[in-house]
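Chemist: just the structure for this:
(one chain, ligands or ions: 1)
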Amino acid sequence: MKHIQKLCLLFFVLPFLAIAQNENVDVNVMNKIRHEGLENSKVMDIAFHLTDANGPRLTNSPGYFKAANYAKDQLASWGLKNSMLDPWGDFGKGWELEKSYVAMTAPWYKSLEAYPKAWTAGTNGPKHAEVILIAAKDSAGLDAYRGKLKGKIIITDRDEKYKLSFEPDAHRLTDAELDSMSNETIKPVDTAAMRKRREQFMNQNRSQQSMLKTLKEMAEKEGALAMFTSSPRNHDGTIFVQQAGPYKLTDPENFLDIALQYEDYMTIVRLLRNNMPVSFDVEVATKFFTKDIKGYNVIAEIPGTDPKLKDEIVMLGGHLDSWQGGTGATDNAAGSMVMMEAVRILKAIGIQPRRTIRIALWSGEEQGLLGSRGYVKKTFADPSDMKLLPAHDKFSAYFNVDNGTGKIRGVYLQGNEAVKNIFAQWLVPFNDLGAKTLTISNTGGTDHLSFDAVGLPGFQFIQDPLEYDTRNHHSNMDVSEHLQEDDLKQAATIVAAFVYDAAMRDEKLPRKELPAARKN
Ligand SMILES: [Zn+2]
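Modeler: Modelled structure (predicted):
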């Protein structure tokens, strides 16, 4: 009996010890990180500078550069080295909204919350205009409106109803949801099914998209003043607003497209359907910046100290650029402040990392991960030829935050099974803060993909979604009130620990197989 007990003990304890020895998590440093991150946090101070004090951070706008310079100087003041704005390639024109006044003047007065889309032209001074209702269902239907658009504001008839929601705006991941994430397995990607879904989606929207494109062309040619757009998603004061069109140096200014709340939009539509004339006072002034079309990321380092490992790199980052409707507080000042705070914590407790720790705050993410792709291409490898640069071999891992203000619940392993046990141990000191889930699955849509695309370990954390999809993401409500201080402190603490663990480990993090060159 005794003998059996002993065996059982060995059986249960040994594998655990083997893993624990394997990773050597420094409990003393973890406690210091935790104390600095949770008790002495500066994350809301960084938040203030990136949002309220700064304004929106559309790539290459003055707001972007103001934030980038603040970050560069702040990182340097905490003692990081080589803090700089690092060009990654050509982006295009900067754009800034200088004035926007949109008010209905007939049949009654109402000033509207309204957002010109990025890279649109302005109105050239204050204008008074009537609204014309376009009831066409496709491009052929537009013929009835030819020659009638000069000086008008265009609105298209829509029949989607606003649906009352009985779901809460904010959500934290439940244990059941987290369990199902950890139970996911690597599934072969069904590219045929994906293509079919994409085609179905494109076909559904094709006739409406091509009608809108033709309508915009007609509007510009005939000298219409502006166009109002909306969708049922834009309700209760929340307006989602992005760009009106292209922004390369050679692209013309886009036709003035103004996003409205669906409630206001449908009020105008119903008035016009009932033949009641609707007119507006509109004045929009926008400014384009063409002097320097290059895009810039913010980069800074905590140099490594181990003679053998200091040339190796551990990276952390998130995108600094935002849309212009709010101040991009959750998308992605949140990720930027978490990353800045993580390196501040590491400097504050005086760590001497073996590898070099490098923070990157990207630009052009919202236009297609442009800043991180440009950086990876010039530093590590071009995914289109997969010729590896020397730094590719010296790279350990990249950690990204870009899913809003919610606290960290775990990590997406991005199909890299070999890091699972490592991350499981790194998370142990933070299990009590709600971070314990590892899912083999991928998550898309942001800058870790630029690293993954050239076979470098790039990871995004699992975060509580809170109101990210319902209220904040790309909307005018992406402002500081929606930041959650305790969540951000927790996230910065865990990121600091992960970066430290990766910088101190004997080996670089294990990699997946190198991908084949991918012609664009
Ligand atoms: Zn984002």
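Chemist: was I right to think residue 455 contacts residue 510?
Modeler: No: applying C-beta atoms under 8 Å as the test, residue 455 and residue 510 come out as separate, 11.6 Å apart. In this view, the C-beta of every residue, glycine as well, is placed from N, C-alpha and C.
Chemist: out of those two, which sits in the busier spot?
Modeler: Neighbours around residue 455 and residue 510, counted as other C-beta atoms under 10 Å, are more numerous at residue 455. The numbers are 20 against 14.
Chemist: any idea how far that one is from residue 283?
Modeler: 52 Å (C-beta to C-beta, to the nearest Å).
Chemist: ok, now residue 200?
Modeler: Residue 200 is 42 Å from residue 283, by C-beta to C-beta.
Chemist: more neighbours: those two, which one.
Modeler: residue 283 (16 against 10).
Chemist: which residues touch the more buried one?
Modeler: Residue 283 is in contact with 99, 100, 101, 123, 125, 126, 127, counting by C-beta atoms under 8 Å, 6 or more residues apart in numbering.
Chemist: and the residues you listed, which of them are buried?
Modeler: Neighbour counting by 16 or more other C-beta atoms under 10 Å classes 100, 123 among the contacts of residue 283 as buried.
Chemist: out of the contacts of residue 283, flag the one nearest to residue 184.
Modeler: Comparing the contacts of residue 283 against residue 184 with C-beta to C-beta places residue 100 closest, at 44.9 Å.
Chemist: assign that closest one to helix, strand or coil.
Modeler: strand (DSSP: H, G, I helix; E, B strand; the rest coil).
Chemist: secondary structure class for residue 280?
Modeler: strand.
Chemist: hey, what's it bridged with?
Modeler: Residue 280 forms beta bridges with residue 104, residue 129, as assigned by DSSP bridges.
Chemist: report the contact partners of it.
Modeler: So residue 280 contacts 102, 103, 104, 105, 128, 129, 130, 131, 153 (C-beta under 8 Å, 6+ apart).
Chemist: just checking, next helix/strand downstream of whichever strand or helix holds residue 373?
Modeler: In this assignment (DSSP states H and E), residue 373 forms part of helix 370-379. Going down the chain from helix 370-379, the next helix or strand is helix 390-393, by DSSP H and E.
Chemist: following the chain onward from that next one, which element is next?
Modeler: Counting by DSSP H and E, what follows helix 390-393 is strand 395-400.
Chemist: skipping adjacent residues, who's closest to the residue of the stretch 351-500 of the chain found nearest the ion in space?
Modeler: The stretch 351-500 of the chain approaches the ion most closely through residue 402 (4.4 Å), counting by C-beta to the ion. Spatial nearest neighbour of residue 402, chain neighbours left out: residue 446 (4.1 Å); criterion: C-beta to C-beta, 6 or more residues apart in numbering.
Chemist: burial count for that neighbour?
Modeler: Counted with other C-beta under 10 Å, residue 446 comes out at 23.
Chemist: that one contacts residue 331, correct?
Modeler: No: Residue 446 lies out of contact with residue 331 (C-beta under 8 Å); the separation is 9.7 Å.
Chemist: shared neighbours of these two, anything?
Modeler: residue 402.
Chemist: in the stretch 151-300 of the chain, which residue sits closest to the ion?
Modeler: Per C-beta to the ion, the residue of the stretch 151-300 of the chain with the smallest distance to the ion is residue 242, at 11.7 Å.
Chemist: do you know the pLDDT at that residue?
Modeler: On the pLDDT scale, residue 242 is placed at 97.
Chemist: tell me how far it lies from residue 162.
Modeler: 21 Å.
Chemist: give me the more crowded residue out of these two.
Modeler: Set residue 242 next to residue 162 and count neighbours by other C-beta under 10 Å: residue 242 wins out with 17 against 14.
Chemist: isn't that one right up against residue 119?
Modeler: No: Residue 242 is beyond contact range of residue 119, at 10.0 Å (criterion: C-beta under 8 Å).
Chemist: which helix or which strand is home to residue 316?
Modeler: strand 313-319.
Chemist: give me the sheet partners of that strand and which way each runs.
Modeler: If you go by DSSP bridges, strand 313-319 pairs up with strand 356-362 (parallel), strand 395-400 (parallel).
Chemist: buried subset of the contacts of residue 280?
Modeler: 102, 104, 129, 131, 153.
Chemist: for the chain, which segments count as helices?
Modeler: Under the criterion DSSP state H, helices of the chain are mapped to 2-23, 27-39, 43-50, 62-77, 175-182, 191-222, 262-273, 334-348, 370-379, 390-393, 420-427, 448-452, 485-504.
Chemist: can you list the residues of the stretch 251-400 of the chain near the ion?
Modeler: 331, 332 (C-beta under 5 Å from the ion).
Chemist: whoops, I mixed them up, the chain
Modeler: With C-beta under 5 Å from the ion as the criterion, the chain comes near the ion at residues 331, 332, 402.
Chemist: for those, could you give me CSV that also reports pLDDT, neighbour count and distance to residue 93?
Modeler: Output for those, formatted as CSV (pLDDT from 0 to 100; neighbours: other C-beta atoms under 10 Å; distance: C-beta to C-beta, whole Å):
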residue, pLDDT, neighbour count, distance to residue 93
331, 98, 26, 22
332, 98, 32, 22
402, 97, 24, 24
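Chemist: ok, residue 449 - how many residues close by?
Modeler: Neighbours of residue 449 (other C-beta under 10 Å): 19.
Chemist: name the nearest residue to it, ignoring sequence neighbours.
Modeler: Excluding its sequence neighbours, the residue lying closest to residue 449 (C-beta to C-beta, 6+ apart) is residue 369, at 6.3 Å.
Chemist: I'd say that neighbour and residue 451 touch.
Modeler: No: if you go by C-beta under 8 Å, residue 369 and residue 451 don't touch, sitting 10.3 Å apart.
Chemist: so, low pLDDT: which residues of the stretch 151-300 of the chain?
Modeler: Filtered on pLDDT under 70, the stretch 151-300 of the chain yields the residue ranges 188-189.
Chemist: next, the buried residues of stretch 278-288.
Modeler: Buried, per 16+ other C-beta under 10 Å, within stretch 278-288: 278, 279, 280, 282, 283, 284, 285, 286, 288.
Chemist: which members of those residues are the farthest-apart pair?
Modeler: So, those by C-beta to C-beta: farthest apart are 278 and 288, at 30.4 Å.
Chemist: what's the pLDDT at the closest residue to the ion within the stretch 1-150 of the chain?
Modeler: Closest approach between the stretch 1-150 of the chain and the ion, counting by C-beta to the ion: residue 57, at 11.2 Å. As predicted, residue 57 sits at a pLDDT of 98.
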